[in-house]
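Asker: I'll drop the sequence and a predicted model, then ask my questions.
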Amino acid sequence: MVTVDQVLTTLKKVIDPELHKDIVSMGMIKGMAINNDKISFTLELTTPACPFNSEIEQDVRNAISDLGVKDLDLKVTARVMEGRAISLDELLPGVKNIIAVASGKGGVGKTTVSVNLAIALAKTGAKVGLLDADIYGPSVPLMLGLKDSPQVVDGKIQPPISEGVKIISMGFFYEQSQQAGIYRGPIISGIIKQFLTDVNWGELDYLIIDLPPGTGDAPLTIAQTIPITGILVITTPQEVAMNVAVKAIGMFNKLNVPIIGVIENMSYLQCPHCNSNIHIFGNGAGQKISDQFKIPYIG
């Protein structure tokens, strides 16, 4: 009959593909009991939103099977992490604050807000970096007129600087402006982590992360890997944009990521003749989100 120590030693070989740590040291194995030839325990995954939940569960079952155990009572649950797997000092030791800009829906001006926020902070004298996490549709280099690829010195990518802001984007690495980014989820996660760890960010007061639309691999990777200071949520007055922004807020709430507030972009057109505000797309979406989630309505 196998022992608890033997089982735990075997399960240490199971690695979380997202966090690159074994499931035993991360405290994911709970309530293990061995009764004759039957093993029972709970696999408590780090988050219900993890894209590798099924893969980790199957790796656990395979590991127990390799021990020659045929009777396994495995319960799978998930928790929401109160902290992050990797501390900011460990991953980005020179960065004081990380602000992510999210929208849920594309085309609401999230990148415009990210760029303007980064430049505005830099103009106050702060040291600022901007990470374009939209791997499929990077647009930060185009918005800032940057074309040259970053240089690599001593194994570190040297981020180009524009308007006093250090910038990294997948847009620097496409050979042609028309080249499409065709990548599966795990590759997206790997690129994001490389932008975090292999770029020479140096000392920063703020790292602004321009998240891609939706609640997919890039936002999950960032939310689960680094301690985000807060999320800025961007919406337009349109109901369809508001509904998707609400879903994004729901995901970040589930992951215990603080929400700084909501910004309503494209709120109105100011008439050049009478200076009155024309609400082309409707109005009030930002305030509605603010009231629903009790978060600040920034404007």
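Answerer: Arrived safely, thanks for sending.
Asker: switch to C-alpha atoms for all contacts and neighbour counts from now on
Answerer: Will do.
Asker: what's the strand or helix carrying I260 packed up against?
Answerer: Element membership for I260 (DSSP states H and E) is strand 259-264. Here strand 259-264 touches strand 230-235, helix 239-254, helix 285-293, going by 3 or more C-alpha pairs under 8 Å, 6 or more residues apart in numbering; DSSP states H and E.
Asker: Reformat the ones you listed as TSV; add distance to K193 and mean pLDDT.
Answerer: TSV is the format used below for those (distance: least, C-alpha to C-alpha, whole Å; pLDDT from 0 to 100):
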stretch	distance to K193	mean pLDDT
strand 230-235	18	89
helix 239-254	19	83
helix 285-293	30	84
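Asker: any idea how far the residue of the chain most remote from its centre is from M1?
Answerer: Each residue of the chain has a distance to the centre, and by C-alpha atoms, centre = their mean the biggest one is for N36: 44.1 Å. N36 sits at a distance of 7 Å from M1 (criterion: C-alpha to C-alpha, to the nearest Å).
Asker: got it, and V199?
Answerer: Counting by C-alpha to C-alpha - V199 and M1 are separated by 50 Å.
Asker: residue ranges of the helices in the protein, please?
Answerer: In the chain, the helices defined using DSSP state H lie at 4-11, 53-66, 88-91, 110-123, 140-144, 185-197, 217-225, 239-254, 285-293.
Asker: weakest of the ones you listed in terms of mean pLDDT?
Answerer: Across the helices of the chain, helix 88-91 has the smallest mean pLDDT, namely a mean of 64.
Asker: Indicate which one of the helices and strands packed on strand 259-264 is closest to K30.
Answerer: helix 239-254 (21.6 Å; C-alpha to C-alpha).
Asker: Check which helices and strands that closest one sits against.
Answerer: strand 230-235, strand 259-264, helix 285-293.
Asker: Please produce a markdown table containing those, extended by mean neighbour count and distance to I29.
Answerer: Formatted as a markdown table, those follow (neighbours: other C-alpha atoms under 10 Å; distance: least, C-alpha to C-alpha, whole Å):
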| stretch | mean neighbour count | distance to I29 |
| --- | --- | --- |
| strand 230-235 | 24 | 30 |
| strand 259-264 | 22 | 31 |
| helix 285-293 | 18 | 34 |
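Asker: Mind putting these into CSV with distance to A218?
Answerer: As requested, the helices and strands packed on helix 239-254 are arranged in CSV below (distance: least, C-alpha to C-alpha, whole Å):
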stretch, distance to A218
strand 230-235, 14
strand 259-264, 18
helix 285-293, 23
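Asker: Around V257, how many other residues sit close by?
Answerer: 21 (other C-alpha atoms under 10 Å).
Asker: thought L131 was touching M170?
Answerer: No. With contact defined as C-alpha atoms under 8 Å, L131 does not reach M170; the gap is 9.4 Å.
Asker: Show the low-confidence segments of the stretch 1-150 of the chain, by residue range.
Answerer: Along the stretch 1-150 of the chain, the model assigns pLDDT under 70 to residues 46-51, 79-90.
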